[in-house]
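[1] here's my sequence, what's the structure:
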Amino acid sequence: MKIAFTWDYELFFGEKSGTVQNCMIKPTADLLQIAEDNNAKFTFFPDAGYLVKAKQYESALPDLELVINQIKLWDARGHETGLHIHPHWEDVSYQNNEWIHNTDRYKISDFDQSQANSIIMNYFTEIQQLISSPVRSFRAGGWCVQPFLNFRDAFVDLGISIDSTAFYGGKNTKSPYYYDFINVPNKTSYRFDKDILIENQNGLFLELPITSLRYSPLFFWRLFLLGRWDPFRHKPIGNGIPAQGGGSKKALLSKYHTLCLSADGYFISQLEKALKTARKDKKSHLVVIGHPKACTLYSLEKLNLFMSKFKEEVEFVSLNQLV
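    Numbers count the residues shown, from 1 in each chain. Okay, the predicted model is just below:
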């Protein structure tokens, strides 16, 4: 059994983006230490739009230098770096040491094809120049990878052949998001070409879906109550506010939801259960999503304990190592 932990390395995109130190540098340093202690390799998806935009503001350069140095550090340690695109950075500004996010154009599909190609090429170049290995994997910001034709030609030109955005059964069409993975193949991997929902054995691209999990209302009751009872351990290390557009608190507390298998906060409590299910179903691997900004003291502790417990029987690998 193999497990690929994948980390979307980014700020918050709500009313308060949070600091680079708290959302990115501090929690990622802890993750890198956990990886080193457990002989693990991670995949990081740094937010390329931030790198491009921060160059335009002199007062943002010290933070940018910290981020660049951390990317180079994980690359030197053999972790994988993929391309991660939140194109709304095209409309972001920096005022009084705060990022002001405008999410009216949140998805690549909110731009015309010429603009989309330019964004993809520019963001790819920004990442590739920082690392030693070729960028081969991609994750769409906010899971907004549809329609895939908006990405396809640029990916062919750039040599990107792996996507890890979809998760079986996931759906959110509430603005600014749009993704519908209800009909995505229920497999740990499959090839596709022009449509991420349609398996094509001769397709140019390999999908390594994020593992999906069914979460009960009871899970979210526990999550919210723990946040109130023990905020020190369960409050995110990142100090920003998420963008609006996810499920409402009322819906989470009253209905079952199909979401990603996640290493964020209390979500990591489901990891051992997912591993047991995968073994029972004879699956070859799990893909776990996480965000350094959403790590908590609890989740970092549980991640280290989980990896220490299973490192003799589970390989903790990058996405490239799954191929």
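[2] quick one: the residue lying closest to Thr103 once chain neighbours are set aside from Lys255, how far?
    Setting aside the residues directly before and after it, Thr103 is nearest to Pro176 in space (CB to CB, 6 or more residues apart in numbering), at 4.5 Å. Where you see a C-beta, it was placed from the backbone N, CA and C, and this is true even at glycine. Separation of Pro176 from Lys255 (CB to CB, to the nearest Å): 22 Å.
[3] was I right to think the residue nearest to Thr103 contacts Ser109?
    No. Counting by CB atoms under 8 Å, Pro176 stays clear of Ser109, with 11.0 Å between them.
[4] shared neighbours of these two, anything?
    By CB atoms under 8 Å, 6 or more residues apart in numbering, Pro176 and Ser109 have no common neighbours.
[5] C-alpha coordinates for the least confident helix or strand in the chain by mean pLDDT, PDB please?
    Each helix and strand of the chain was given a mean pLDDT (mean pLDDT, DSSP states H and E); the minimum falls on helix 249-252 at a mean of 85. Taking Å, rounded to 0.1, in the frame of the first residue of the first chain, the C-alpha atoms of helix 249-252 are listed here in PDB:
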ATOM      1  CA  LYS A 249     -22.700  25.000   8.500                       C
ATOM      2  CA  LYS A 250     -26.400  24.000   8.700                       C
ATOM      3  CA  ALA A 251     -26.000  21.600   5.800                       C
ATOM      4  CA  LEU A 252     -22.800  20.000   7.200                       C
END
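[6] contacts for that helix?
    Contact with helix 249-252 is made by Pro217, Phe220, Phe224, His257, as judged by CB under 8 Å, 6+ apart.
[7] try it again at 10 Å.
    If you take CB atoms under 10 Å, 6 or more residues apart in numbering as the criterion, helix 249-252 is touched by Tyr215, Pro217, Phe219, Phe220, Trp221, Leu223, Phe224, Gly246, His257, Leu259.
[8] quick check, pLDDT for the residue nearest to Thr103.
    The pLDDT attached to Pro176 in the predicted structure is 92.
[9] helix or strand for it, which one?
    Take DSSP states H and E as the rule and Pro176 turns out to sit in neither a helix nor a strand.
[10] near it, how many other residues are there?
    The tally of other residues near Pro176 (other CB atoms under 10 Å) stands at 18.
[11] list the contacts for it?
    Applying CB under 10 Å, 6+ apart, we find Pro176 in contact with 13, 88, 102-107, 110, 142, 144, 243-245.
[12] sitting in strands, which of those residues do you find?
    When DSSP state E is applied, the contacts of Pro176 are split such that none fall in strands.
[13] quick one: which of these is nearest Gly290?
    Gly142 (15.4 Å; CB to CB).
[14] can you pull out the helices in the chain?
    Counting by DSSP state H, the chain has helices at residues 20, 26-37, 48-54, 61-76, 113-128, 149-158, 217-229, 231-234, 249-252, 271-280, 297-310, 319-322.
[15] for Asp195, which of these is the nearest?
    Using CB to CB as the measure, helix 149-158 is the one of the helices of the chain that comes nearest Asp195, at 7.9 Å.
[16] now do the contacts for the residue nearest to Ser262 when sequence neighbours are not counted.
    Excluding the flanking residues, the one nearest Ser262 by CB to CB, 6+ apart is Ile289, at 5.4 Å. Each residue near Ile289 by CB under 10 Å, 6+ apart is listed here: 4-8, 45, 139, 143, 164-165, 167, 210-211, 259-264, 267.
[17] ok, now with 7 Å
    Listed by CB atoms under 7 Å, 6 or more residues apart in numbering, the contact partners of Ile289 are Thr6, Asp8, Ile210, Cys260, Ser262.
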